[in-house]
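Enquirer: Quick one, fold the following:
(2 chains)
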Amino acid sequence: KARGRSASIVKVENVGPSSQEEVLDQSAYANVNAEWVNRKGAWLIHPVLIVAGKILIDTLPGMTQQVSWTLTNTLYIAFSYLVFHYATGIPFDNELHGGAYDDLTLWEQIDEGAQYTPAKKWLITVPIVLFLLSTHFTHYNPILFAINLTALILGLLPKLPQV
Amino acid sequence: MSSAMASTSANLEPLFSFLAQSYTTIENGFNRVPGSAVIARYVRSSHQNDPGRTLLELVLAVFAIWTLLQSRTRADKGDRHFIQFSEKEVDELVNEWTPEPLAEPLSPQEQAELDSIPVIAGAQGPRPRLANTGKTVLNFTGTNFTGLAGNDDIKNKAIETLRKYGLGSCGPPGFYGTVDVHMDLERDLADFLGTESTILYSQGFSTVSSVIPAFAKRGDIVVADRGVNFAIQKGIQISRSTVRWFDHNDLKSLEDVLEGIAKERKKKKAPLTKMFIVTEGIFEKDGQMVDLPKLIELKYKYKYRLILDESISFGSVGRTGRGLTELFNVPVGVDRSAKQSPSHWEPQASQVDMLIGSVANGLASCGGFCAGSKYVVYHQRINSSAFVFSASMPPLLSVSASEGINILRNTPSILSTLQENVRTMRSVLDRLDCITIPSHPASAMFHIHVRSAPNATLHLPGASAGKPSNPNSIVPRDPQQFDIELEERLLQEVVEEALSQGVLITRARRLRAQEMVEARPSIRVAVSAAFSKKECEKAANVIKAALVKVLGKRR
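Expert: Purely as a prediction, here's the structure:
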């Protein structure tokens, strides 16, 4: 493969189409895999899932607010990292694009690689707001605070615009 | 000192009071804003006696607001090469623009090229009549190797079929366009070649450029010869597969490239993908012939599949015209001599996986075919673009091709006549030293190149001869140097001189700006079995005289 993506989670690299033929293959049909983030309900689902997850975690016996908020925070960031920055390619209708999207994560496929689009701004804002809320409602000891902060930074790094 | 302090404090006194006053006004203003108590309580609770936390939260909040305020950038695709014009520049450009005419007038070279094409009155054949002079000439341009063009038996059969079926088949083969005569022809071809099955395409050029992307996709490996024709180059480009090139007709270079790929794959631990070797039986570019047994040996050793384009060699080599496989006695498709258990099909038993031929060149009809095992052919019925999206060939041409196969089976003397004609012409032309002929001695279509002057080819023997060319690029390490325009002009003079003596030959026409690597200008002579030995000798002498006349004066 010509472009290998590095496996590091902190590296921000540019993985765009490398030849005219890839551009042609990508633009042949609309990319259904990346389009849904702009549709109705795709933004609301984030707070809904977070609230539902928090309630679920709160039901576990022996759960304190500190641990609950930490878990919500880290699980949200881990799950969104998996969906947006780890899995590459298109799970269905891949033949329409001839494998042109095989090396691109969902984040890079959204809005054809344009930066600072409304969907991307929303996706950057949600973990920040979640972190601020969780630090507000609890009294984190330094260890938990460090865990939350690290999770936030690792979750925000791949969302920075690629140079 | 006290006076100094007193004076500084006197200077700073109004400043302090101003600061205290402004602080109280801000605080009052803040308290009057609704929701200020909430914010104050929030900050106090997050502060938790640690100013670091508040600072961090402030930084995050500022970052979030800054992100929200950024304007969006353009998508990846056009961004790198997009030049931002100002409104004025755009207006200027629009005012300056004049549309190009739909049909541009021809340049002098293009006009000369157009004028040089002779027009034939009447049907195509080995001895056509020119429209402008009315003379009959010997036609060495068409790929009518077996001489079946204009054959009377075939013509009668075609007329019968035309009365029975009409002209066209009116549809793609998968959608009501397959007629029983198509299936008959596919069966006839399969029997003739000894494969399990064949599939018919309606145009010879688009056959191979559709077979390759039907099997090779993005991520697969295709190892191709540097001298393959334009259709194969396009097929490889469409397939989006990873392509590695080996030197033209050089099986040692092929082995090196295959070794290199095997090593690379082992090093990177890449997953196993489909691997193909693509080459031609007789190359259309220069008439060389590939060493098929050695190629098959390599294919088995490194476990590749072989796509062999026999557009030129089907119908022109072999005892009955079956092509290279008959010449070298290689079984195609299923090896009937090997013992096979019926419960599983074993790729080792087949030798050439996909054999592509041209019914237009070999049997003087139209179209192409791909022969192979049952599974190879089944796959193409859905997955091959030219089969699914093109109309099938007219029934009368299928019947002509079937009849052509019958004739070839029953009169093997056609091929021996052809081979003798080729030998006659080559024996006359090989002796000239103003030209080079790179083609194989048995090839019915050979190319004549202008011999470049000896001091033009400066090969430093030690430095680059031993090093291999880069397999990623189609250009070899030391490409041939030639002056295209000069050689084309000289060859055109030769062609015109030969035409004035009654022999019709042609330069090889190329799409100059579109091929991946420029082909050397050449005269392409296609011998036919329809000529007698005397006619071939006469034609060869005419060509020789023309060559000597035009190229001899250069020295």
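Enquirer: Could you chop chain B up by domain?
Expert: B:108-148+B:413-554, B:152-333+B:348-410 (automatic domain parsing).
Enquirer: Dump those into CSV; add distance to A:His85 and mean pLDDT as well.
Expert: In this view, the C-beta of every residue, glycine as well, is placed from N, C-alpha and C. Output for the domains of chain B, formatted as CSV (distance: least, Cβ to Cβ, whole Å; pLDDT from 0 to 100):
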stretch, distance to A:His85, mean pLDDT
domain B:108-148+B:413-554, 31, 87
domain B:152-333+B:348-410, 22, 91
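Enquirer: most tightly surrounded among those domains?
Expert: Most buried of the domains of chain B, by mean neighbour count (mean count of other Cβ atoms under 10 Å in any protein chain shown): domain B:152-333+B:348-410, with a mean of 20.
Enquirer: So that one, near chain A or not?
Expert: Yes - for domain B:152-333+B:348-410 and chain A, the contact criterion (Cβ under 8 Å from any Cβ of the partner chain) is met by B:217-219, B:237, B:240, B:270.
Enquirer: Residue 145 - nearest residue in space that isn't next to it in sequence?
Expert: You didn't pick a chain, so chain A it is. A:Thr135 (7.2 Å; Cβ to Cβ, 6 or more residues apart in numbering or on different chains).
Enquirer: I was after chain B.
Expert: Closest to B:Phe145 by Cβ to Cβ, 6+ apart is B:Ser316, at 4.0 Å.
Enquirer: Against chain A, how distant is the one you found?
Expert: Remark: distance between B:Ser316 and chain A (Cβ to the nearest Cβ, to the nearest Å) = 35 Å.
Enquirer: wait, is that residue part of a strand?
Expert: No - counting by DSSP: H, G, I helix; E, B strand; the rest coil, B:Ser316 is not part of a strand but coil.
Enquirer: coming back round to it: show me the contacts for the residue nearest to A:Phe145.
Expert: A:145, A:148, B:46, B:53, B:57 (Cβ atoms under 8 Å, 6 or more residues apart in numbering or on different chains).
Enquirer: Quick check: phi and psi at the last one.
Expert: For B:Glu57, the backbone dihedrals (degrees, to the nearest 10) come out as phi -60, psi -40.
Enquirer: re the thing from before, out of the contacts of A:Thr135, which comes closest to B:Asp256?
Expert: A:Asn148 (56.4 Å; Cβ to Cβ).
Enquirer: how about the strands in the stretch 451-555 of chain B?
Expert: Assigned by DSSP state E, counting those that start in this stretch, the strands in the stretch 451-555 of chain B fall at B:503-504, B:506-507, B:523-526.
Enquirer: Include distance to chain A when you put these into TSV, please.
Expert: As requested, these are exported to TSV (distance: least, Cβ to the nearest Cβ, whole Å):
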stretch	distance to chain A
strand B:503-504	41
strand B:506-507	32
strand B:523-526	31
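Enquirer: closest to B:Leu19 out of the ones you listed?
Expert: Comparing the strands of the stretch 451-555 of chain B under Cβ to Cβ, the one sitting nearest is strand B:506-507, at 93.2 Å.
Enquirer: Show me what the closest one is packed against.
Expert: If you count contacts as 3 or more Cβ pairs under 8 Å, 6 or more residues apart in numbering or on different chains; DSSP states H and E, strand B:506-507 packs onto helix B:484-500, strand B:523-526.
Enquirer: and the gap between the residue nearest to B:Pro128 when sequence neighbours are not counted and B:Val137?
Expert: Leaving aside its sequence neighbours, B:Pro128 sits nearest to B:Ile120 (Cβ to Cβ, 6+ apart; 4.4 Å). Separation of B:Ile120 from B:Val137 (Cβ to Cβ, to the nearest Å) stands at 9 Å.
Enquirer: any common contacting residues for those two?
Expert: Common neighbours of B:Ile120 and B:Val137 (Cβ under 8 Å, 6+ apart) are B:128-130.
Enquirer: Tell me the one of those nearest B:Leu499?
Expert: Distances from B:Leu499 to the shared contacts of B:Ile120 and B:Val137, taken by Cβ to Cβ, are shortest for B:Leu130, at 8.3 Å.
Enquirer: And stretch B:196-205, end to end?
Expert: 23 Å (Cα to Cα, to the nearest Å).
Enquirer: Can you name the residues in contact with it?
Expert: B:173, B:182, B:185-186, B:189-190, B:207, B:210, B:231, B:311, B:333-334, B:358-361, B:366-374, B:376-378, B:380-381, B:384, B:386-387, B:390-393, B:398.
Enquirer: Get me the contact residues on chain A for chain B.
Expert: Neighbours of chain B within chain A, by Cβ under 8 Å from any Cβ: A:1, A:16-17, A:21, A:23, A:25-27, A:98-100, A:102, A:111-118, A:121, A:124-125, A:128-129, A:131-132, A:135-136, A:139, A:145, A:149, A:152, A:161.
Enquirer: If any of the residues you listed are buried, put those into a ChimeraX selection.
Expert: Provided next is the ChimeraX selection string for whichever of these are buried by 16 or more other Cβ atoms under 10 Å in any protein chain shown:
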select /A:16,17,23,25,26,98,99,100,111,112,113,114,115,116,117,121,124,125,128,129,131,132,135,145,149,152
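Enquirer: Now intersect the residues of chain A next to chain B with the helices, please.
Expert: A:21, A:23, A:25-27, A:118, A:121, A:124-125, A:128-129, A:131-132, A:135-136, A:145, A:149, A:152 (DSSP state H).
Enquirer: buried subset of the contacts of A:Thr135?
Expert: Buried among the contacts of A:Thr135 (16+ other Cβ under 10 Å): A:145, A:148, B:46, B:53, B:57.
Enquirer: Between all of those, which two are separated the most?
Expert: Once Cβ to Cβ is applied, those give A:Asn148 and B:Ser46 as the farthest pair, at 13.0 Å.
Enquirer: What's the separation between B:Ala526 and B:Ser210?
Expert: Look at B:Ala526 and B:Ser210: by Cβ to Cβ, they are 25 Å apart.
Enquirer: should've said B:Arg451
Expert: 38 Å.
Enquirer: likewise B:Gly194?
Expert: 24 Å.
Enquirer: Over to B:Ile236?
Expert: 12 Å.
Enquirer: Next: A:Pro161.
Expert: For A:Pro161, the distance to B:Ser210 - Cβ to Cβ - is 42 Å.
Enquirer: Likewise for B:Ala401?
Expert: For B:Ala401 relative to B:Ser210 (Cβ to Cβ), the value is 19 Å.
Enquirer: Cool, thanks, talk later.
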